[in-house]
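K.L.:
kindly return the folded structure for what I paste below:
(2 chains)
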Amino acid sequence: MAEVLVYVDHVDGAVRKPTLELLTLARRIGEPVAVALGSGAEATAPALAEHGAVKVLTHDAAEYADYLVVPKVDALQAAYEVVSAGGSLAAVLVPSSAEGKEIAARLAVRIGSGIITDATDLEAGDEGPVATQSAFAASFTTKSRVAKGTPVITVKPNSAAVEAAPAAGAVEALAVSFSEKATGTKVTARTPRESTGRPELTEAAIVVSGGRGVNGAENFSIIEALADSLGAAVGASRAAVDAGWYPHTNQVGQTGKSVSPQLYIASGISGAIQHRAGMQTSKTIVAINKDAEAPIFDLVDYGVVGDLFEVVPQLTEEIKTRKG
Amino acid sequence: MSLRIVVTVKYVPDATGDRHFADDLTVDRDDVDGLLSELDEYAVEQALQIADDADDAEITVLTVGPEDAKDALRKALSMGADKAIHVEDDDLHGTDAIGTSLVLAKAIEKAGYDLVISGMASTDGTAGIVPALLAERLGVPQVTLLSEVSVEDGVVKGRRDGDSASEQLEASLPAVVSVTDQSGEARYPSFKGIMAAKKKPVESWDLEDLEIEADEVGLEGAWTKVDSATERPARTAGTIVKDEGEGGKQLAEFLAGQKFI
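P.N.:
The predicted structure is shown next:
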């Protein structure tokens, strides 16, 4: 059976959920071989094995943390060469983070392959894997495939439900020799983002977002309270971010993050095209807005026309009561 | 010595228009107005600021696209860029990101550069991979997704705000930089700038000028194939209620019914 290389996104050995989703999708086209790099790489093996990795190729070196992107490209290319030399390689899958897309793109050029980014689904096809993507602010769905080389595909978070499928997950050391380019861009300092204790925005099953109608940084606490009652991530519209009410890392939209949770709750967001581009593929959409004419109401499964300062706290209380 | 900055820009269909695909599954450019991709305005802005801080700098804006793409170049020139290069060729129709990066890289090399600045992504394709592809093809450092950028003594420095950390980056020129919409508001062209732009040189290059074969680009040469594009069905009208004091509770009832609570 053909092998599928899966690039592992992990934090000190803790595998992030989009990678487990990737393993689930990879099994549709072949046998997943995972590539885990950097500090804690070997510690990823049990979780990867649990989700179908037949093999886990690992390598750790200071370069992964000290220089931007290229060392990881060198390593993924080394893995590509090892696996493709050993037989048939059906695809290389990478999580669609900002860094993941850069790694995948550079690898694609190096190995002479086409690349598909931000796939939302993946199926085996007669001429190789077929990827589903959304286009034009999610108003279109396209099906694409790679026509040249080994398909390199990046997949968005929440594109598949994680399924366990225990496999051997045998750890093997990957031999990597870094290219001259690897040390081109130094990381001279790194400030970890303070943890909010909430789920990561792009990975969350529920996202609660606030926009212009929240009317001030201090008022975002009511959005946060609703999010916490649901175990949700907090998002913000560009208007709220530009006003300085919430960090850019939480921005949902064309120039921020694109999210596709089970439930999206928009509060005080009108629903301009910029925002819709980032949330339109959410499964269930709910909006709370004073303006009955707001375009967001065209997208909703359930909408409340009303003052968010009344509706949101009441909703939060009711959720807490129901959850006991 | 003069700092040669090349800013790559893209002419994109207006996102507020009715964007759709043509019969050959490329982006239909006939039915909707185009404009300079908003995210590229941030790249032009940072180029202008870097040039202001340099002793001597020249900003060239570069685009690959059809005839109308000159509008995107004019906008960048009216903001203050010095000159423009337009790569235009009928054989480019349907070129994918990998092909576009090939054309841009050849044009950047032909133009000569110390620094390439791009926006974080185009507002139509939104993949955001062209800057990394350019760095790979040009064989120079990539310093991408910066929310702050500066150049001094042949070194580019910047801040990259990622999901889990904020990083300070540093690389020697030549390099490829991309900037986010957090890098600083882009200026509006002044009347003087708009008038001056009309006199600034716009060079036109085709594939032959760049020594690229037609079959390396275009729809036929693309390394990816789009098999189908379907319009997403309009959402069926949802339930909309007016809050008369119980809106939050009604919404909770809906969420409970959907098993979210």
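K.L.:
can you list contacts of stretch A:116-127?
P.N.:
A:25, A:28-29, A:93, A:96, A:101, A:104-105, A:129-134, A:144-146, A:151-156, A:159-160, A:258, A:260, A:281, B:97, B:126-129, B:224 (C-beta atoms under 8 Å, 6 or more residues apart in numbering or on different chains). All C-beta atoms are positioned from the backbone trio N, CA, C, and that covers glycine.
K.L.:
quick check: end-to-end length of that stretch?
P.N.:
15 Å (C-alpha to C-alpha, to the nearest Å).
K.L.:
tell me the mean pLDDT for that stretch?
P.N.:
On average, the pLDDT along stretch A:116-127 is 96.
K.L.:
how about stretch A:25-37?
P.N.:
97.
K.L.:
so who does A:Pro95 touch?
P.N.:
With C-beta under 8 Å, 6+ apart, A:Pro95 has these contacts: A:7, A:9, A:16, A:18-19, A:22, A:154-155, A:157.
K.L.:
beta partners of A:His10?
P.N.:
A:Val15 (DSSP bridges).
K.L.:
next one, pLDDT for it please.
P.N.:
96.
K.L.:
now stretch A:24-41: how far from the chain's centre is it?
P.N.:
Stretch A:24-41 sits 15 Å away from the centroid of its parent chain (C-alpha atoms, centre = their mean, to the nearest Å).
K.L.:
pull out the buried residues from stretch A:206-223.
P.N.:
Within stretch A:206-223, the residues that qualify as buried by neighbour count (16 or more other C-beta atoms under 10 Å in any protein chain shown) are A:206-215, A:219-220, A:222-223.
K.L.:
quick one: is it near chain B?
P.N.:
Yes: judged by C-beta under 8 Å from any C-beta of the partner chain, stretch A:206-223 and chain B are in contact via A:Ile206.
K.L.:
could you work out the end-to-end span of that stretch for me?
P.N.:
13 Å.
K.L.:
contacts for it next, please.
P.N.:
A:201, A:226-227, A:230-237, A:239-240, A:243-246, A:252, A:259, A:261-270, A:275, A:279, A:282, A:289-290, A:308-309, A:312-313, A:316, B:260.
K.L.:
okay, and which of those residues map to helices?
P.N.:
Among the contacts of stretch A:206-223, DSSP state H puts A:226-227, A:230, A:239-240, A:275, A:279, A:308-309, A:312-313, A:316 in helices.
K.L.:
picking up where we left off before, of the contacts of A:Pro95, which is the most crowded?
P.N.:
A:Leu22 (32 neighbours; other C-beta atoms under 10 Å in any protein chain shown).
K.L.:
just checking, what packs against the helix or strand harbouring it?
P.N.:
Assigned by DSSP states H and E, A:Leu22 belongs to helix A:17-26. Judged by 3 or more C-beta pairs under 8 Å, 6 or more residues apart in numbering or on different chains; DSSP states H and E, the packing partners of helix A:17-26 are strand A:3-7, strand A:31-37, helix A:45-50, strand A:89-95, strand A:152-155.
K.L.:
find the one among those with the highest mean neighbour count.
P.N.:
Most buried of the helices and strands packed on helix A:17-26, by mean neighbour count (mean count of other C-beta atoms under 10 Å in any protein chain shown): strand A:152-155, with a mean of 30.
K.L.:
B:Gly119 contacts B:Val177, doesn't it?
P.N.:
No: under the criterion of C-beta atoms under 8 Å, B:Gly119 is not in contact with B:Val177, lying 10.5 Å apart.
K.L.:
do you know how far the closest residue to A:Thr132 other than its chain neighbours is from chain B?
P.N.:
Leaving aside its sequence neighbours, A:Thr132 sits nearest to A:Asp121 (C-beta to C-beta, 6 or more residues apart in numbering or on different chains; 3.9 Å). Separation of A:Asp121 from chain B (C-beta to the nearest C-beta, to the nearest Å): 13 Å.
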